[in-house]
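[1] requesting a structural model of the entry that follows:
(2 chains)
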Amino acid sequence: MSENKPSIALFQCRWCLYAPSDQEWVDHHLPSNIHLTKSPCTGRINPLYLLNAIQGGADGIVISGCLPEQCHFKTGNMAARRQLDEFNDFLDYIGYDRNRVRFVWLDLQDRGIIQKELAAFEEQIVALGPVDDLAVRVKPVAGGANA
Amino acid sequence: MPDIEKIKAEAKRLLQEGVVDVVVAFKAGDTPLHPQPAFFRSPEEIDNLVYGSLCQNNLATFLTRMPKQSKLGMVVRGCENRSVNALVVEGQKLRENLYLIGVPCEGIVDWRKIVNQVGEAVLNVREEADLVMVETRQGQATFNKKELLHESCLRCIHPTPISADILIGEALPEGDPNLARTAVEEFESLPREERFAWFQQEAERCIRCYACREACPMCYCEECFVDHTNPRWTESGATPAGMQAWHIVRAFHQAGRCTSCGACERACPMDIKMTYLTEKLNHDIRSKYNFEAGMDAQTQPPFATVTLDDKNRFTV
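    Numbers count the residues shown, from 1 in each chain, chains lettered A, B, ... in the order given. Modelled structure (predicted):
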C-alpha cells in the first residue's frame, strides 16, 4: 500500500455500466489509486488476471459485471461467476483474505452504484491494512536480468 | 490382490485377437520399489507385465500421449478409470478405442515410507495379502500394507473401477466420503496465518521440475501456462511469487477435473504436499455442484457448463 491510499484493481465488463455518466466516470475520472482493466465480458476475466493483480501489488480487487440473464453474450457472466467465486474461495483457503476481493453485479437500471461500491471497498481495504501474504513479483530493473 | 495371471491372460488375448494395438501396464523397474509404466505391443512381451501396490503412476497419463486413433488397452485401478472417463468427456479419446482391464485397488504403497523405515537400500520386495516383505542387506522386515498406504489412497472413495470392460477380482466396498471432507475442514479451521504459513512453506521448496504436471493425467495442454512466455500469463520465474503462482494455478486448473489419484504428490521429488489444494476444490465442487470428476463419460464438469439455478447460488 502506498502512503495513504490502497491500490485497487478494477476489472470491468464493458457492458455492465449502462448509464453513460457512470461509464464516463470510470473511463476518465477514476481516482489514481484504482487501476482499470476493461474486458469484453466478465467471462473473459481469467482467474490468472486476479492472481497477477495480487502479485503485481494490488491491495484489493473489484470485479464488476452484469447480473444473470442480462449478459451481452447470454451466459458469459454465469461462467465467470462459477470460476471467479471458486477462485476466491480457493485463495481464502490458502490464506489470502477473501474480503480483499469484491464482486459487483450490476443491474441495467442501476445508476451511481459503482462509485459507492468502490468507496466502500476502499474503506474496507484501509481497515484490513497492507497486504502481507502472497509474494509480490520481482519488479524488472531497467537493463537487468528480468527486464 | 487380484490374480496377476488373469490380468496377463486377458492382456495377451487382447493383443492376439487384435482388439488393441498396445497394452499400457507396468513392468518391473530398475529398482525393486519402482515398477515402471510399459507399453506391450506383442503377446510375447506380456510375460514381463507386473501389477502390485508399488505401481505409483496413473497410467491414464499416457492416454493423451498416444496417437488419437490408436486402440489402447489399459490396466486400470479405480482412480485411473475415473481419469480415463474425465479425458473421454473432454474429447481426448473415443471410448470405443479403449479397452479397460479393471483391477480393484487396495491402495498404493508409498515407497518413501518403506525407505524411511528400513533406512537403507532395498534389495527385494514381496507382497502377500496384507503384508509387504522387504529384504535388505541387514535382513528382512515385514510391514502391514495399511500403514504404508499413500495419504490420497487412505481417503479413496471409489477403489473399484466403475466402467471397466472387464473386472478382474472381487469388487471392493466403497470408501468413506467423510474422510476427504474432514481433511479439508480441519485445514480450513486453522487461523488464516497458519494456513498461509503452511502453503508458503510447501510452495517454497518447489524446484520447478514439473513432475506433478507430467504425472497428472488431466495436465495435457500442448503448452502449459508457465512455459508460455510471450505474453507471460503469470509470474513463472523461480522466485517466491513464481512458486506460489504455479502451485495456485496448477491446482485451480484441476477444479472439477481432478480425480484425487494423488499421482502429483507421489511424483514430487521434494515431497511437497499438494493434494490438500485439489481436495479443497474437489470438496467444493462436490458440495456446490454435486459433481465428481470421472463418474461417467458424458457429464461435463461444472466449469464447462452453466445453468440458470446459478442465479440463486451466489449471494454476492
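
[2] what does the stretch 51-200 of chain B put close to chain A?
    Within the stretch 51-200 of chain B, the residues that sit near chain A (Cβ under 8 Å from any Cβ of the partner chain) are B:Phe187, B:Glu188, B:Arg192, B:Glu193, B:Glu194, B:Arg195, B:Phe196, B:Ala197, B:Trp198, B:Phe199, B:Gln200. All C-beta spots, glycine's among them, are computed from the backbone N, C-alpha and C.

[3] of those - the most surrounded one?
    B:Phe199 (23 neighbours; other Cβ atoms under 10 Å in any protein chain shown).

[4] before we move on, back to that, which one of the residues of the stretch 51-200 of chain B next to chain A sits closest to chain A?
    Using Cβ to the nearest Cβ, B:Phe196 comes nearest to chain A of those, at 2.6 Å.

[5] quick one, phi/psi of residue 8?
    Since you didn't name a chain, this refers to chain A. The phi and psi values for A:Ile8, taken as degrees, to the nearest 10, are phi -120, psi 130.

[6] ah, I was thinking of chain B
    Backbone geometry at B:Lys8, expressed as degrees, to the nearest 10, gives phi -60, psi -40.

[7] does anything pack onto the strand or helix carrying A:Gly65? Which helices or strands?
    Element membership for A:Gly65, per DSSP states H and E: strand A:60-66. Applying 3 or more Cβ pairs under 8 Å, 6 or more residues apart in numbering or on different chains; DSSP states H and E, we find strand A:60-66 packed against strand A:8-13, helix A:47-55, helix A:76-93, strand A:101-106, helix A:113-128.

[8] at 7 Å instead, please
    Packed against strand A:60-66 by the contact rule (3 or more Cβ pairs under 7 Å, 6 or more residues apart in numbering or on different chains; DSSP states H and E) you find strand A:8-13, helix A:76-93, strand A:101-106, helix A:113-128.

[9] so it versus helix A:47-55, what angle?
    Per axes from the mean of the first three to the mean of the last three Cα atoms, to 10 degrees, the angle that strand A:60-66 makes with helix A:47-55 is 150 degrees.

[10] list the contacts of strand A:60-66.
    Identification of contacts with strand A:60-66 by Cβ atoms under 7 Å, 6 or more residues apart in numbering or on different chains yields A:6, A:8-13, A:15-16, A:42, A:45, A:50, A:53, A:77, A:80, A:84, A:100-106, A:114, A:117-118, A:121, A:125.

[11] show me the contacts for the residue nearest in space to the middle of chain B.
    Per Cα atoms, centre = their mean, the C-alpha nearest to the average position across chain B is that of B:Cys261, at 3.1 Å. Neighbour list for B:Cys261: B:Asn58, B:Cys79, B:Glu80, B:Ser83, B:Ser152 [criterion: Cβ under 7 Å, 6+ apart].

[12] can you redo those residues as CSV with secondary structure, neighbour count and pLDDT?
    Output for the contacts of B:Cys261, formatted as CSV (DSSP: H, G, I helix; E, B strand; the rest coil; neighbours: other Cβ atoms under 10 Å in any protein chain shown; pLDDT from 0 to 100):
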residue, secondary structure, neighbour count, pLDDT
B:Asn58, coil, 28, 95
B:Cys79, helix, 26, 95
B:Glu80, helix, 29, 96
B:Ser83, helix, 28, 96
B:Ser152, helix, 23, 92
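
[13] CSV for those residues, including distance to B:Glu5?
    Listed next are those as CSV, based on distance: Cβ to Cβ, whole Å:
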residue, distance to B:Glu5
B:Asn58, 24
B:Cys79, 24
B:Glu80, 21
B:Ser83, 26
B:Ser152, 29
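
[14] residue 133: helix or strand, and which one exactly?
    By default, I'm working from chain A. When elements are assigned from DSSP H and E, A:Asp133 belongs to no helix and no strand.

[15] wait, I meant chain B there
    Using DSSP H and E, B:Met133 sits in strand B:131-136.

[16] give me the contacts around that strand.
    Contacts for strand B:131-136 (Cβ under 7 Å, 6+ apart): B:109, B:114, B:118, B:120-126, B:140-145, B:148.

[17] which ChimeraX command selects the buried ones in these?
    In ChimeraX syntax, the buried subset of the contacts of strand B:131-136 is picked out as below (16 or more other Cβ atoms under 10 Å in any protein chain shown):
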select /B:109,114,118,122,125,143,145,148
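
[18] looking at the contacts of strand B:131-136, which are in strands?
    Among these, DSSP state E puts B:Val122, B:Leu123, B:Asn124, B:Val125, B:Arg126, B:Gln140, B:Ala141, B:Thr142, B:Phe143, B:Asn144 in strands.

[19] need those residues in TSV (columns: distance to B:Pro2).
    Listed next are the ones in strands among the contacts of strand B:131-136 as TSV, based on distance: Cβ to Cβ, whole Å:
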residue	distance to B:Pro2
B:Val122	24
B:Leu123	26
B:Asn124	22
B:Val125	18
B:Arg126	16
B:Gln140	25
B:Ala141	25
B:Thr142	22
B:Phe143	21
B:Asn144	20
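
[20] now for these: which two are most distant?
    Distance extremes for these: the farthest pair is B:Leu123 and B:Asn144 at 20.5 Å, using Cβ to Cβ.

[21] list just the nearest of the contacts of B:Cys261 to B:Ala9.
    Of these, the one sitting nearest to B:Ala9 (Cβ to Cβ) turns out to be B:Glu80, at 20.2 Å.

[22] correct me, but the closest one touches B:Asn57?
    No - between B:Glu80 and B:Asn57 there is no contact under Cβ atoms under 7 Å: 9.2 Å.

[23] per-residue confidence at the most centrally placed residue in chain A?
    What sits nearest the mean C-alpha location of chain A, by Cα atoms, centre = their mean, is A:Val62, with 2.8 Å. A:Val62 carries a pLDDT value of 96.

[24] I am finished for the moment; much appreciated.
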